[in-house]
Every structure is written in structure tokens, then in C-alpha cells.
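Visitor: Please find the sequence and the predicted model below.
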There are 2 protein chains.
Amino acid sequence: MKNTQVKLIARPVGAPTADCWEIIETETPELAENQILIQNQYLSIDPAMRGWMNEGKSYIRPVKIGEVMRALGAGVVVESKHADFKAGDFVTAGTGVQEYAILDGKEAVKVDPSFVPLPAYLGTLGMSGLTGYFGLLDTGQPKEGETVVVSGAAGAVGSVVGQIAKIKGCRVVGIAGGADKCKYVVEELGFDACVDYKVGNLRNQLKEACPAGVDVYFDNVGGEILDTVLTLINLRARIVICGAISQYNATEKPVGPSNYLSLLVNRARMEGIVVFDNAANYGKAVKEMAGWIAQGKLNSKVYVAEGGVRAFPETLMKLFKGENTGKLVLKV
Amino acid sequence: MKNTQVKLIARPVGAPTADCWEIIETETPELAENQILIQNQYLSIDPAMRGWMNEGKSYIRPVKIGEVMRALGAGVVVESKHADFKAGDFVTAGTGVQEYAILDGKEAVKVDPSFVPLPAYLGTLGMSGLTGYFGLLDTGQPKEGETVVVSGAAGAVGSVVGQIAKIKGCRVVGIAGGADKCKYVVEELGFDACVDYKVGNLRNQLKEACPAGVDVYFDNVGGEILDTVLTLINLRARIVICGAISQYNATEKPVGPSNYLSLLVNRARMEGIVVFDNAANYGKAVKEMAGWIAQGKLNSKVYVAEGGVRAFPETLMKLFKGENTGKLVLKV
């Protein structure tokens, strides 16, 4: 098969530019024993990708220069030398940004697109949804009646966090950029309120939306928004640090939360999470979330970008420009 | 009795200056039923005092303008109308910065200066020691063999934290300002190492002193030191935010820890503490620490400033100038 691949050929300084990528065509090799050939249909486009492009120690090794860019994909098995898979099976796997991927069968997970559409397995039932599920429930520990604030509320993780917090009986307030996203967050996702950080005074708006203060803050964005929420937290608040998309392309040292002493005054906690730590419990979580989807309690909207793998470089930038509402995937 | 009192008459901008204080002489009034008259012998001088001088919501109400400055004192009962106290009893209590204090007996705690010297009840067996005890053990949760780093290591809280961490079998590294303090921390308190933040590269020195990384960081100082330690923490590290003496006199917004995303990469936690939350367990903690003092495992050095209550304004500034080694008290 002819295979189009996107390789990382230079580490970005600031926002990733076109010259970070090389797009090439190769032929897929023969399958070895236990391998499967997957035809990608959707690629998961994630803020974390920006981090994987950097050199240096992190929670996962960097993508090497000259390597196919790391990505999760959802697709169909077209050939199998693994006993558990046959042509026609739908799977998700760490395929990388390419049309076809050859992997050991044990690296792929079978999914059922008759239950939810295939790209939802990259979103609500994939890494994004699992990040929200474990980050909110295990680290945020929301209690019924508490106020939960989520930034990036219209994004892949934030939208799941807020909806699960609603299921748990919390008052849920989103933070998002633009009236359309805020409308979506309240009307389609069922948040109690959503604050547009692009207009007006963020602190005043949040204060009004959170009359009883903030008990749990799930942060996807960092920067000034985190610093502002710190001034509104309650005694023993929990701040979940999931990401900091506002800082990922910074070429200077990121801005730290200057109001962090609010943690002291309020005996509050700020804790980082990485979804991979929960791998042993993915199955249980996916089952519970699938139930919520079936009951209509969990909306799993996907924002599908077109253009195939060649459109990967500009699709990734949509995240940092805030152009997507819901989980961003690239149709292959 | 003639009573010299120090009252707060203006809120400071930056470091507290002489014009924040008024020193007056009054006569002590007659005792009412259940009251006791305490003659202060030592006053506890604490970094937290700077925060109490600010207006606005915090973990405790601000000292009012015109009010005697809040302080813990240790002294002797000279007159009692409370059944549990008699003249000659030694007590600690929230006396304020004055020579004599009249309080309800239930606000005072009897202490025994034949066991440890009276000022130790303001230090290791007082709020400073209790802050270190609960902050380290409950929030820091050090495990045997882990590396614990403590800033303000020669100070009242830091010195207790490090010594308790040694008792718990940890590798303990202090951070302090100046060769004399570092020497004291290693030779008299028994830390494994102490880094002088005033000379050389802090990160390199810390890295060398912590070859296995940092599992628990107990922060008394904030600012650049916190930011540097964040780059050296291990997976699931615990950072205890006890104070930020480097920031208390800042007239501009304090600097936030720009490396806070290390919490995410390392799934680490940063949590604020206030000692008052543990009031129900003070007795148990004092008993355990008194045992360690008796066994020679806990050195309870006190730095005694002279000059009586009139010297309070300049004594307070010793903290911010880093002039004290061990718990700072003012002899009345």
C-alpha cells in the first residue's frame, strides 16, 4: 500500500511551523507474525502533541527527529497476522500521523462503531474522556452541591469534565473563548453557566457565576485564567492541573500563578495528572461513560477537520487558535 | 501595673516601618471573674505577623488599626481569678505585644519550664514546631529513604521539619542563607546537607545534594527557590506550602512559580497548610516532640532578642533580613 506519513524533522520554537514537518510517501512493508495493518480513518489531535515535540524529560519520551509524529488513530484492520484480529475489525491504537500503520496486535484495542461513532473512541471514550474522568473524580474529588469550574470547557477534556461534574450533582461553570462556545457549553452540554474569557472582567464574571466560591478547578489552560481562579477558591479546594494550552507555544518562560499563596490561606491543593497512570482502570471508566452516553447524559461531540494526513500541520494549529468546539479529529 | 503596649496604627506598604507602630503606657485594669493577669517574659516573633498586618480576607482576621499587635507570649501568672491558675504558674497564650496581658484563663495553656526552657514553648513546642510537625507528617507524608528538602532550614519551622524528617529516616537537605546557618543546620541539627542560596548556582548545588531527586519539599520562602526546586521533584512529589517569607514585603504582585507544570509532568501535589487546623491534635504532637527533645533527637534552639516590647518593631525585621538562627523570640 502507498502510505503518506508526517514526520517531525525539526523541533519548534514557539508555535509549530510548516518547516517542522516532512510529508513523504512510502510503501507499507510485509506484515510479520502477530502484526496487523490498520487503515487510519481518524486521527486524534491533542494539545499534548505540542509537548511531545519538545526535547527533554517529560512524562513520555519526546518524538525523535525523523520519526513519524506520535498520534492516536481510529481505523479499520485491512490485514492481520494476529489471532485476535481480522480484516474489517475497527480499532484504536497509537498509529502515528500516517494513513497506514503496522503494529503488533497487542497494541490495538477493538472498538464498536455501531455503539458510538468511530471518532468518539478518540474523544469521550478515548484519552480525552479518560483524562477528564480520572482527573475530575480521583484528583478533583467533587462532592454533591460543590462548585466545579472548568477551563477549556468546550474542548475535548473540559466538556467531559463538566458533564461528569453535573452527573455528580455539582454546580458547573465553564470558561471558554467566544459566545458560540459558551452557548454550546450551556445549551448542549448542560453546564450551569459559562464565562467568556475574551470579553469583560474574568474575575467579576466568575465571581457572579460562582456565588458560593470554587471548590474544584479543573485547569486545561494555565496562565492568567489559573491565576484568576486562585483568588476565588474555597477552603480545601482542589485544583487539577491537566494542561496549560495558553503556555505551550510560549518562547519565554511561562508565567507562574502569582496568587499561589491562596493555596496556603485556603489549605488548598494543586495537583498534576497524566491519564496513563490509570491504565489499569480504563475498562471500568469506559464502561461507565458508555452507560452515560447511552442514557443521553454525556454528549460526545466531535469536531472533524478534513484534508487527510497532509492537513495535519494546520489542523494541529486549530487547537492553539481555539477553533474547535468538542474533540478535534482529523479525517484521514 | 504599668503596661507598655505596641499598637498597630497604620498598615505597611512593603516592609513595616516605624510609623506603623505606636508604643504607649497604660495601667492594667482590675481582673474580672475567670481572668488572669500574665506578665510576659518572651514574645514569639513570626513571619506570619506580616500577613496579620494586611487588610483583607485571610486564614485569620487582620489586626485592627489601633489594636495591640497580635502575638503569642510566654510568661508567668501574677494574679488569678480563674480556678485553674495561681500566681507563679507559667503559661503561653495569645497575649499580644505588651508587657502584661489580661485574658480569660481558658485562653492560656500551662507549661513547665523545668522540662524545656520557657521560650521553647513558643518555638519547638509552640506554633512553629506544631506547624512543622503537622505540615511535614500529614501533608508532606515522608517515607523512609525519601529525600526531603526544607527552605528556611535554620528558622523556627524549617529546623523542626528537617529534624523530624531525619527521625523518620529520610535524607534531609536544607536551604539557608549564609555559611554560618548552613553549618548550624548540618552540624547542630543533623541535616545531611545544606545549600547556601546566597552563593553559587542554587539548582546545581541542590541537584548535587539530592542525587535521587526531591520527594518532599517543605517551602517557607517562595519566590525563586520554590521555582528552582520544582525542576528537581520526583514522580508524586509533595510540596508543602507553609509560607513565602521572600514575598511578604513585596509591593508588587509576588512572582508565581513559573515551573508549576512540573506538577503535571510528575503528577505531583502542592498544598497549603495552616497550623490551627490541627488544634484538636496539638496535645499528642507536643507529647511526641517533648519525647524527642528528652531523647536528644530534637534540638530546640532559640534566638533571643533583647530590648523589651519597645524593641518589637526592629526585632520583627530581623526575620525578613534573615538575622536569626532558630526560633526568634523577644525577651520582655
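Guide: Received it, and whenever you're ready, just let me know what you need.
Visitor: Just the CA atoms of stretch A:251-261, as PDB, please.
Guide: Extracted in PDB, the C-alpha atoms of stretch A:251-261 (Å, rounded to 0.1, in the frame of the first residue of the first chain):
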ATOM      1  CA  THR A 251       9.100  31.100  23.700                       C
ATOM      2  CA  GLU A 252       9.800  32.800  27.100                       C
ATOM      3  CA  LYS A 253       9.400  31.200  30.500                       C
ATOM      4  CA  PRO A 254       5.700  30.600  31.200                       C
ATOM      5  CA  VAL A 255       4.000  32.900  33.700                       C
ATOM      6  CA  GLY A 256       3.600  31.200  37.100                       C
ATOM      7  CA  PRO A 257       0.400  31.600  39.200                       C
ATOM      8  CA  SER A 258       1.300  34.600  41.300                       C
ATOM      9  CA  ASN A 259      -1.700  34.000  43.500                       C
ATOM     10  CA  TYR A 260      -0.500  30.500  44.500                       C
ATOM     11  CA  LEU A 261      -0.400  31.600  48.200                       C
END
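Visitor: residues of that stretch that come out buried?
Guide: Neighbour counts using 16 or more other CB atoms under 10 Å in any protein chain shown place A:254-261 of stretch A:251-261 among the buried residues. Placement of C-beta: from N, CA and C, glycine included.
Visitor: Among those residues, which lie within strands?
Guide: If you go by DSSP state E, the buried residues of stretch A:251-261 have nothing in strands.
Visitor: of all those residues, which comes closest to chain B?
Guide: A:G256 (3.0 Å; CB to the nearest CB).
Visitor: wait, doesn't that closest one sit right on B:K253?
Guide: No: judged on CB atoms under 8 Å, A:G256 makes no contact with B:K253 at a distance of 10.9 Å.
Visitor: Count residues in the vicinity of the closest residue to A:N234 other than its chain neighbours, would you?
Guide: Among residues not flanking A:N234 along the chain, A:G213 sits closest, at 4.0 Å (CB to CB, 6 or more residues apart in numbering or on different chains). Neighbours of A:G213 under the rule other CB atoms under 10 Å in any protein chain shown: 15.
Visitor: just checking, A:G213 touches A:L232?
Guide: Yes: A:G213 lies in contact with A:L232 (CB under 8 Å); the separation is 6.0 Å.
Visitor: Contact partners for the residue nearest to A:N234?
Guide: Applying CB atoms under 8 Å, 6 or more residues apart in numbering or on different chains, we find A:G213 in contact with A:147, A:232-234, A:237.
Visitor: go on, A:E144?
Guide: A:E144 neighbours (CB under 8 Å, 6+ apart): A:168-170.
Visitor: Just the buried ones from those, in ChimeraX syntax?
Guide: Command for ChimeraX that selects the buried part of the contacts of A:E144, burial taken from 16+ other CB under 10 Å:
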select /A:168,170
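Visitor: Out of the contacts of A:E144, name the ones that lie in strands.
Guide: Per DSSP E, the subset of the contacts of A:E144 in strands is empty.
Visitor: TSV please, covering the contacts of A:E144 and showing pLDDT.
Guide: Formatted as TSV, these follow (pLDDT from 0 to 100):
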residue	pLDDT
A:K168	98
A:G169	98
A:C170	98
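Visitor: May I see the domains of chain A written out as residue ranges?
Guide: A:2-123+A:300-331, A:127-276 (automatic domain parsing).
Visitor: Most tightly packed of those?
Guide: Highest mean neighbour count among the domains of chain A (mean count of other CB atoms under 10 Å in any protein chain shown): domain A:127-276, with a mean of 22.
Visitor: how distant is that domain from the center of its chain?
Guide: Its chain's C-alpha centre and that of domain A:127-276 lie 14 Å apart, by CA atoms, centre = their mean, to the nearest Å.
Visitor: Endpoint to endpoint, that domain covers what distance?
Guide: One end of domain A:127-276 to the other measures 9 Å (CA to CA, to the nearest Å).
Visitor: What residues does the stretch 151-300 of chain A have near chain B?
Guide: A:222, A:227, A:241-244, A:247, A:253-274, A:277 (CB under 8 Å from any CB of the partner chain).
Visitor: ok, 7 Å please
Guide: A:227, A:241, A:244, A:253-258, A:260-261, A:263-274, A:277 (CB under 7 Å from any CB of the partner chain).
Visitor: Next step: those restricted to helices.
Guide: Of those, the ones assigned to helices by DSSP state H are A:227, A:263-265.
Visitor: Ignoring the adjacent residues along the chain, who's closest to the residue nearest the centre of chain A?
Guide: With distances taken as CA atoms, centre = their mean, A:S128 lies nearest the centre of chain A, 3.8 Å away. Excluding the flanking residues, the one nearest A:S128 by CB to CB, 6+ apart is A:A156, at 3.6 Å.
Visitor: State the phi and psi torsions of that neighbour.
Guide: In terms of degrees, to the nearest 10, the main-chain angles of A:A156 are phi -60, psi -50.
Visitor: ok, it - contacts?
Guide: Residues counted as contacts of A:A156 (CB atoms under 7 Å, 6 or more residues apart in numbering or on different chains) are A:123, A:128, A:326-328.
Visitor: Now tabulate those in a markdown table and tack on pLDDT, secondary structure and distance to A:K207.
Guide: Listed next are the contacts of A:A156 as a markdown table, based on pLDDT from 0 to 100; DSSP: H, G, I helix; E, B strand; the rest coil; distance: CB to CB, whole Å:
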| residue | pLDDT | secondary structure | distance to A:K207 |
| --- | --- | --- | --- |
| A:G123 | 93 | coil | 32 |
| A:S128 | 93 | helix | 29 |
| A:G326 | 88 | coil | 28 |
| A:K327 | 92 | strand | 30 |
| A:L328 | 95 | strand | 31 |
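Visitor: And the residues you listed, which is closest to chain B?
Guide: Nearest to chain B among the contacts of A:A156, with distances taken as CB to the nearest CB, is A:S128, at 15.6 Å.
Visitor: Just the closest of the contacts of A:A156 to B:V13, please.
Guide: Checking those against B:V13 with CB to CB, the nearest one is A:S128 at 46.9 Å.
Visitor: Now for that closest one: which residues touch it?
Guide: By CB under 7 Å, 6+ apart, the contact list for A:S128 reads A:156-157, A:160, A:327.
Visitor: how far away is it from A:A280?
Guide: According to CB to CB, to the nearest Å, A:S128 and A:A280 sit 19 Å apart.
Visitor: ok, A:G296 - how many residues close by?
Guide: 7.
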